[in-house]
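*Asks:* Fold the following, please.
(4 chains)
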4 protein chains.
Amino acid sequence: MIKIGVIGYGYWGPNLVRNFMEVSDAQVVAVSDLSTKNTDLVARRYPGVKTCNNAKDLIDDPHIDALVIATPVRTHFELADAALKAGKHVLIEKPMTETPDQSRRLIEEAERRNLTLMVDHTFIYTGAVRKIRELIVGGDLGDIYYHDSTRINLGLFQHDVDVIWDLAVHDLSILNFLIDETPSAVSATGTSHVPNSTENVAYISLFFDSGTIAHINVNWLSPVKIRRTVIGGSKKMIVYDDLEPSEKIKIYDKGITVTDNPEEVYKMLVGYRTGDMWAPKLNSTEALSEVASHFIDCIEHSKQPITNGRESLRTVVMAAAATASMKKNGHPVKLGQD
Amino acid sequence: MIKIGVIGYGYWGPNLVRNFMEVSDAQVVAVSDLSTKNTDLVARRYPGVKTCNNAKDLIDDPHIDALVIATPVRTHFELADAALKAGKHVLIEKPMTETPDQSRRLIEEAERRNLTLMVDHTFIYTGAVRKIRELIVGGDLGDIYYHDSTRINLGLFQHDVDVIWDLAVHDLSILNFLIDETPSAVSATGTSHVPNSTENVAYISLFFDSGTIAHINVNWLSPVKIRRTVIGGSKKMIVYDDLEPSEKIKIYDKGITVTDNPEEVYKMLVGYRTGDMWAPKLNSTEALSEVASHFIDCIEHSKQPITNGRESLRTVVMAAAATASMKKNGHPVKLGQD
Amino acid sequence: MIKIGVIGYGYWGPNLVRNFMEVSDAQVVAVSDLSTKNTDLVARRYPGVKTCNNAKDLIDDPHIDALVIATPVRTHFELADAALKAGKHVLIEKPMTETPDQSRRLIEEAERRNLTLMVDHTFIYTGAVRKIRELIVGGDLGDIYYHDSTRINLGLFQHDVDVIWDLAVHDLSILNFLIDETPSAVSATGTSHVPNSTENVAYISLFFDSGTIAHINVNWLSPVKIRRTVIGGSKKMIVYDDLEPSEKIKIYDKGITVTDNPEEVYKMLVGYRTGDMWAPKLNSTEALSEVASHFIDCIEHSKQPITNGRESLRTVVMAAAATASMKKNGHPVKLGQD
Amino acid sequence: MIKIGVIGYGYWGPNLVRNFMEVSDAQVVAVSDLSTKNTDLVARRYPGVKTCNNAKDLIDDPHIDALVIATPVRTHFELADAALKAGKHVLIEKPMTETPDQSRRLIEEAERRNLTLMVDHTFIYTGAVRKIRELIVGGDLGDIYYHDSTRINLGLFQHDVDVIWDLAVHDLSILNFLIDETPSAVSATGTSHVPNSTENVAYISLFFDSGTIAHINVNWLSPVKIRRTVIGGSKKMIVYDDLEPSEKIKIYDKGITVTDNPEEVYKMLVGYRTGDMWAPKLNSTEALSEVASHFIDCIEHSKQPITNGRESLRTVVMAAAATASMKKNGHPVKLGQD
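*Replies:* Numbers count the residues shown, from 1 in each chain, chains lettered A, B, ... in the order given. Take a look at the predicted model:
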């Protein structure tokens, strides 16, 4: 039985607690939050769980095996570092840390101590993203031409991170999971519409040497919620709409074939292929439940999590480069081979 | 009665002919197209209309008052220039020309001769775009924060222009019509997935000194058709979906208000305002019919068209700058005050 | 070359004329309409076509081989009867006539004279309905449990027929085409909300001895337009949405399997099966173009039209029975074996 | 503090428990369910709550003030009757009982003992239905022409009730809440596609003396989920789509006006009015939370619940009449003035 402490019971913490409660082999034994209002909620909902207003109590608690960190990003490094140094396994909310260097230090600390370090990139554990990965790996899509995602809504303005580090990190982690290639450069634009606030709208283009282009549109200030990714391949194309209740993934047998049309010389080099559309049945288990049991499984069997520190670091590197480009109005920033 | 000649009866020409046929005070007297297959179609559908396979015949025809040019972009300048020099009023398909300089020369030629020069930016004549303009000018939206449009589909690959000059020109002209401010710079990315072909996917960001940011997503290789623009204002926000059969414009009484939340210091600077949504009834006259009658009206009364040469030049300048930036992977390009 | 006369150039006539103009082996030679405003439109659009304001001129014209009747329902019988007696082949707008008896007389007249009698049940000629027929005949759906269609909008209030004879006739003809079984009884309800007007909303249930139930919801007074049919089979289910631009048919691998669940004795007799969804590519030729060429083909080769008089009669019989039941608030009306 | 016992922790019970846990002035003290698997779930989630496998223990428990009954319909009467006789206030899942007579006996028992008797018609407590009621009462819609609702999905086949008593009861209760008139008659059709099972598809028409017609389409065997009600009024019309995440209610300024059109005498008696559409902001509190606090409020202040026994009886009477008509293939059944 892995004993779990959860640090942070604000926006996402309640979902983590609820899901870890249902994992066999795990037990949530303590929850901390700076706000007593939040810890009161825990006490009312889960009378058997200890609460406190100080993360340090959990880090120091020798009965706790693993810590789940669901606090603001700027606190991630310090809390995770202390937790690892106290010998705890760690699951951190995305993004892992504020900088690539902080992520690298956590990875080293975890490796040195043989501790599980995992980042909660929830979307990687959805049936939808798993199915897309399966289709790409299986060659169904052919060459990937583009990956174009839109993730906008009237969202929580974050105090300490911009919209790239809040929303685009989801898309960067999905991209990292789907495409086995590191982008060579990134160009991003964005702006803030609130004085003294971080950027609330951003557009990111990622270039790959293979010819793939990826684009991410994120916005905290949209009147409508959109969660849609279009992936164009040379053989098939996918539309992934996360707001669809059942058919989240649609696979289109559409594309182009190069042709010559002697009669309309000025217009046509390319022929169109349009065929059936297909929406596969997806595993509908709640993704966070998969996250929770995968974390426990990795601890128990010393396995590398799918979204381990090294994988998550790649999204931090991309987010940092995107932010740097955004500060220069789209000036492209090269990405090293990490 | 204004006598009209139409040059080009390929993709868009048939729509122009059909609409000019219904305009009182105008008469389509001749249509030319390089392909006899196309001119045969004209002959069958409109027995009274002369056809020929040579644009020069129309340009030289002294009975023709005005020429409508619906040919590939690379021929626009030469044909329009000859038409103006032959004393004809001219309506050109968008984009006006391949370069800003060519556009400037046409503008000068038309002004010198007191001829009407108009560009068929059809969307400017839709009830939807007119209504959005009305709402912006009336102050309903407040300050414009962003203008984010997506125009993607499995489209005709063009031989002589890239997807910016084909699709994004629509959005640039709408932007130019809606926002009374010239962007100061542009950053664009894009790529081609067909050998020896122009870019078929592109992403454009336009920066305005006022703080507005505009973004355009265009793609000829999407399995689904999307025509959606989201406009965020400080007071209200608009979603314009051109594929909606009736409610093309939805106005959201949504936005943010700056607040202080002492309890969640790390998260909230901003409060949310969500209210009603409203979809106004729109004028549903076919836009191209408005284009046709506006052109005739401007000729008859020596009025400046809404989408005259000078206005259209601005979209050519923006498209040229976007292409230049795209060639440099998003490197920002400044836009002069034209 | 079959010479065609078209009687009626109101709502549907223009579409018929336009489509017959494109059929090789056919030539529209004359159009009549009571209104000179309408015949003026014909003259302007098709200078070579004769026009008149009297159907009799077309019926008597010895140069005309076939007549297309697109007039109000109450005139169908008289016009078609005269046309057949004048030796013309006849295509009538749906519904064929006001009563089953009138339809029977036209069928007999056409058979006696070896003339083609066809009714324009346009939907039978769509790629969507053809594909559904193919799936049902091929056994993909298994037993048909139900056929549930909704056809509502803010529609033209008809003067001489109620909403059953206007809208539901479409669904009755589709049902007749899809299901090789005559319903045994019908129960219908409906009402009028306009004084002295026919029923503008109606609900029809049709019972089949095999266990299939069909339901039709039609309404001229709906703020939104819906054209959706759900067909439940024992193996698969179909949703046919005629307003979808591309994926009009979706086939669901969903259904039930009878099971025993000893733990929830009070709740479960039935298990659920949910699998993939699939939207086949459909033939997208305009249905009315298929109608026009099928009519010409049947005349030239003395073939029975798919929607011949006998098939169409079945929809008239069903509509008459539905109307009778509606007048008695749903009291079921038996249907004979016609 | 009202002490609550919940009988039944199957499909709906967990939602009731969760919501009553959050009501101040109420405390869930005990939950019973026949299945230990279910009571084990309670014990794990709510360590402080007593569990048992016998409803009688809760009925007899003198510390319990009120009982919430979330068991199969056939047990409702017996359990509620015993609970009332034991002096408990009672909240029952819909439908109240299997027969109108049973409902009447519960109403009398509750009135005799001055106990609160409420039925959980959850939809009556949604922001959407409340807003529609407000619009109708305020006269915005004018005369109600029709109320047409569709409630279909691949649903739980119930063992003891048919689809009318399961799904249509929701629509009947909404109808009863919205329209201050008792229907005069009902005609219903339906059938079962599973041997020895109750009807899984049903269509109900309700006639009102005022001219309003209501129709309900319910189906447990649909591949897609639809929850949509269209309400046509003489002034405005409403589309209520419960599956829309935010704009559940759309109000259309559409309708008809009687006109004379001398030119198209055979076609037009009626003119169309199409105007704006408007989606008001709705209260988004979870309806079941409103149910829970309303029940407690009624107990504490001896108020009549909105969905009290008498109101709920009306839906039982309508459901019983609909079932009777369905057994006779739509033969209309009169409804008395209850």
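*Asks:* and the gap between A:Gln27 and A:Tyr46?
*Replies:* 11 Å (C-beta to C-beta, to the nearest Å). C-beta: built from backbone N, CA, C; applies to glycine.
*Asks:* So the helix or strand of chain A with the lowest mean pLDDT, near chain D or not?
*Replies:* In chain A, the helix or strand scored least confidently by mean pLDDT, DSSP states H and E is strand A:270-279, which has a mean of 86. No. Using C-beta under 8 Å from any C-beta of the partner chain, strand A:270-279 stays clear of chain D, with a minimum separation of 11.7 Å.
*Asks:* average pLDDT for the helix or strand just after that strand?
*Replies:* Next helix or strand after strand A:270-279 toward the C-terminus (DSSP states H and E): helix A:287-301. Regarding helix A:287-301, the rounded mean pLDDT is 97.
*Asks:* Tell me the buried residues in helix A:287-301?
*Replies:* A:287-299 (16 or more other C-beta atoms under 10 Å in any protein chain shown).
*Asks:* what about A:Pro95, which SS state?
*Replies:* Here A:Pro95 is recorded as coil under DSSP: H, G, I helix; E, B strand; the rest coil.
*Asks:* separation between it and A:Ala80?
*Replies:* 12 Å.
*Asks:* Number of residues surrounding A:Met237?
*Replies:* 25 (other C-beta atoms under 10 Å in any protein chain shown).
*Asks:* Quick one: check the helix or strand where A:Gly255 lies for contact with chain B.
*Replies:* Assigned by DSSP H and E, A:Gly255 falls within strand A:249-258. Yes. Using C-beta under 8 Å from any C-beta, strand A:249-258 comes into contact with chain B via A:252, A:254-256, A:258.
*Asks:* Buried ones only from those, please, as a ChimeraX command.
*Replies:* Those of these that count as buried under 16+ other C-beta under 10 Å are selected in ChimeraX with:
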select /A:252,254,255,256
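*Asks:* just the residues of strand A:249-258 next to chain B now: which is nearest B:Asp120?
*Replies:* A:Ile256 (27.3 Å; C-beta to C-beta).
*Asks:* shouldn't that closest one be in contact with A:Lys235?
*Replies:* No. Using C-beta atoms under 8 Å, A:Ile256 is not in contact with A:Lys235; the gap is 10.8 Å.
*Asks:* Read off the pLDDT value for A:Val41.
*Replies:* Slight slip there: residue A:41 is Leu, not Val. Confidence score, pLDDT, at A:Leu41: 89.
*Asks:* circling back: which secondary structure elements does the strand holding A:Gly255 contact?
*Replies:* Applying 3 or more C-beta pairs under 8 Å, 6 or more residues apart in numbering or on different chains; DSSP states H and E, one finds that strand A:249-258 contacts helix A:127-137, strand A:237-241, strand A:270-279, strand B:144-154, strand B:221-233.
*Asks:* how about a cut-off of 7 Å?
*Replies:* helix A:127-137, strand A:237-241, strand A:270-279, strand B:221-233 (3 or more C-beta pairs under 7 Å, 6 or more residues apart in numbering or on different chains; DSSP states H and E).
*Asks:* Including distance to D:Ala324, could those go into CSV?
*Replies:* CSV is the format used below for the helices and strands packed on strand A:249-258 (distance: least, C-beta to C-beta, whole Å):
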stretch, distance to D:Ala324
helix A:127-137, 45
strand A:237-241, 44
strand A:270-279, 41
strand B:221-233, 49
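*Asks:* Between the ones you listed, which one is closest to chain C.
*Replies:* strand A:270-279 (4.1 Å; C-beta to the nearest C-beta).
*Asks:* and that closest one, how far out from the chain's middle?
*Replies:* 30 Å (C-alpha atoms, centre = their mean, to the nearest Å).
*Asks:* now stretch A:192-202
*Replies:* That offset, for stretch A:192-202, works out to 21 Å (C-alpha atoms, centre = their mean).
*Asks:* Stretch A:140-156 too?
*Replies:* Stretch A:140-156 sits 13 Å away from the centroid of its parent chain (C-alpha atoms, centre = their mean).
*Asks:* is it anywhere near chain D?
*Replies:* No. Stretch A:140-156 stays clear of chain D (C-beta under 7 Å from any C-beta of the partner chain), getting no nearer than 10.1 Å.
*Asks:* Contacts (any at all) between chain C and that stretch?
*Replies:* No. Using C-beta under 7 Å from any C-beta, we find that stretch A:140-156 stays clear of chain C, coming within 13.9 Å at best.
*Asks:* Can I get that stretch in PDB, CA atoms only?
*Replies:* Coordinates of each C-alpha in stretch A:140-156 appear next as PDB, following Å, rounded to 0.1, in the frame of the first residue of the first chain:
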ATOM      1  CA  ASP A 140      -2.200   4.700 -41.100                       C
ATOM      2  CA  LEU A 141      -1.600   8.500 -41.500                       C
ATOM      3  CA  GLY A 142       1.500   8.200 -43.600                       C
ATOM      4  CA  ASP A 143       3.900  11.200 -43.400                       C
ATOM      5  CA  ILE A 144       2.700  13.800 -40.900                       C
ATOM      6  CA  TYR A 145       2.200  17.100 -42.800                       C
ATOM      7  CA  TYR A 146       0.900  19.200 -40.000                       C
ATOM      8  CA  HIS A 147      -0.400  19.200 -36.500                       C
ATOM      9  CA  ASP A 148      -2.700  22.200 -35.800                       C
ATOM     10  CA  SER A 149      -4.300  22.600 -32.400                       C
ATOM     11  CA  THR A 150      -6.600  25.200 -30.900                       C
ATOM     12  CA  ARG A 151      -7.200  25.300 -27.200                       C
ATOM     13  CA  ILE A 152      -9.100  28.400 -26.300                       C
ATOM     14  CA  ASN A 153     -11.700  29.400 -23.700                       C
ATOM     15  CA  LEU A 154     -12.600  32.100 -21.100                       C
ATOM     16  CA  GLY A 155     -10.100  30.600 -18.800                       C
ATOM     17  CA  LEU A 156      -8.500  31.300 -15.500                       C
END
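*Asks:* which residues of the stretch 51-200 of chain A fall in strands?
*Replies:* For the stretch 51-200 of chain A, strands defined by DSSP state E, counting those that start in this stretch occupy the ranges A:66-69, A:89-93, A:117-120, A:144-154, A:185-191.
*Asks:* circling back to that earlier point, tell me the angle of the strand holding A:Gly255 relative to strand A:270-279?
*Replies:* Angle, strand A:249-258 to strand A:270-279, by axes from the mean of the first three to the mean of the last three C-alpha atoms, to 10 degrees: 160 degrees.
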